[in-house]
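[1] no letters, just coordinates:
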Ligand SMILES: Cc1cc2nc3c(=O)[nH]c(=O)nc-3n(C[C@H](O)[C@H](O)[C@H](O)COP(=O)(O)O)c2cc1C
């Protein structure tokens, strides 16, 4: 798939299945990630791969995080949260390890990591895989960061779920006119 086709036809699938990307495809996807614009070449991105049975442990983290937020959450809700980890054969946690830098403010480092995350989704799509981006309260949970081996000061930019599209998501009609204007001074 050429680059423009990949960029303009990517959508979030409604459901994913196995197989996930092969080792070679994953390396290509990660190469696309680190090709994102990176002010100061700071490499602010960190990628944590969760596959196989590690997904069950990640599911336990999701459920624990929910229980901390909602101590009275019913068992069914906790179980649904736990199962979210099994929605895809591969989860890439994309995080920003922001470093103090006089020329590159924090927002630019986080945006660079966002660009890397987008490159992951588009590269996966170009290779024939589906992927969707999730955050939610789990991304801002300090205990979650710690359990994933991140520092409290790191930002989880996204949990990217990748696999083979089982149920496609709805295509979107790209609307540029309502959000674009020409400035002439
Ligand atoms: C930073 C970021 C975080 C997101 N977090 C969530 C999320 O937690 N839950 C969700 O349903 N969608 C989330 N989304 C949006 C979806 O991933 C998706 O892009 C959106 O539903 C539009 O669908 P599309 O990708 O098919 O255009 C997030 C998007 C971004 C950029």
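    Nice, thanks for sending it over. Keep in mind the model is a prediction, meaning the values are calculated, not measured. Numbering: from 1, shown residues only.
[2] for the nearest residue to residue 58 once chain neighbours are set aside, what are its contacts?
    Spatially, and ignoring its direct neighbours in sequence, residue 58 is nearest to residue 85 (4.4 Å; Cβ to Cβ, 6 or more residues apart in numbering). C-beta here means a position set from N, CA and C on the backbone, and glycine is covered the same way. Applying Cβ atoms under 8 Å, 6 or more residues apart in numbering to residue 85 gives the contacts 50, 55, 56, 58, 59, 62, 91.
[3] what's residue 85 sitting at in phi/psi?
    Per-residue torsions, residue 85: phi -70, psi -20 (degrees, to the nearest 10).
[4] residue 123 now?
    Dihedral angles for residue 123 - degrees, to the nearest 10 - are phi -60, psi -40.
[5] the one 5 residues further on too?
    Dihedral pair for residue 128: phi 100, psi 10, per degrees, to the nearest 10.
[6] got the contact list for it?
    Per Cβ under 8 Å, 6+ apart, neighbours of residue 128: 1, 164.
[7] okay, now the closest residue in space to residue 9 that isn't next to it in sequence: neighbour count?
    Spatial nearest neighbour of residue 9, excluding adjacent residues (Cβ to Cβ, 6+ apart): residue 125 at 7.2 Å. Other residues lying near residue 125 total 22 when counted by other Cβ atoms under 10 Å.
[8] in contact with residue 125, which residues?
    Contacts of residue 125 (Cβ under 8 Å, 6+ apart): 1, 6, 9, 10, 131.
[9] now with 10 Å, please.
    Contacts of residue 125 were listed using Cβ atoms under 10 Å, 6 or more residues apart in numbering, and they are 1, 5, 6, 7, 9, 10, 11, 13, 29, 131, 162, 165.
[10] and what of residue 179?
    No contacts exist for residue 179 under Cβ under 10 Å, 6+ apart.
[11] same thing with residue 16?
    Going by Cβ under 10 Å, 6+ apart, residue 16 touches 87-90, 129-132, 161-167.
[12] which bits of this structure sit near the ligand?
    Residues of the chain lying close to the ligand (Cβ under 6 Å from any ligand atom) are 11, 12, 132, 133, 134, 135, 136, 158, 169, 172.
[13] the spatially closest residue to the third one that is not a sequence neighbour: how many residues sit nearby?
    In other words, residue 132. Excluding its sequence neighbours, the residue lying closest to residue 132 (Cβ to Cβ, 6+ apart) is residue 12, at 3.9 Å. Per other Cβ under 10 Å, the neighbour tally for residue 12 reads 17.
[14] for residue 19, same thing?
    Using other Cβ under 10 Å, the number of residues around residue 19 comes to 11.
[15] could you look up the SS state of the closest residue to it other than its chain neighbours?
    Among residues not flanking residue 19 along the chain, residue 164 sits closest, at 5.9 Å (Cβ to Cβ, 6+ apart). Of the three states, residue 164 takes strand under DSSP: H, G, I helix; E, B strand; the rest coil.
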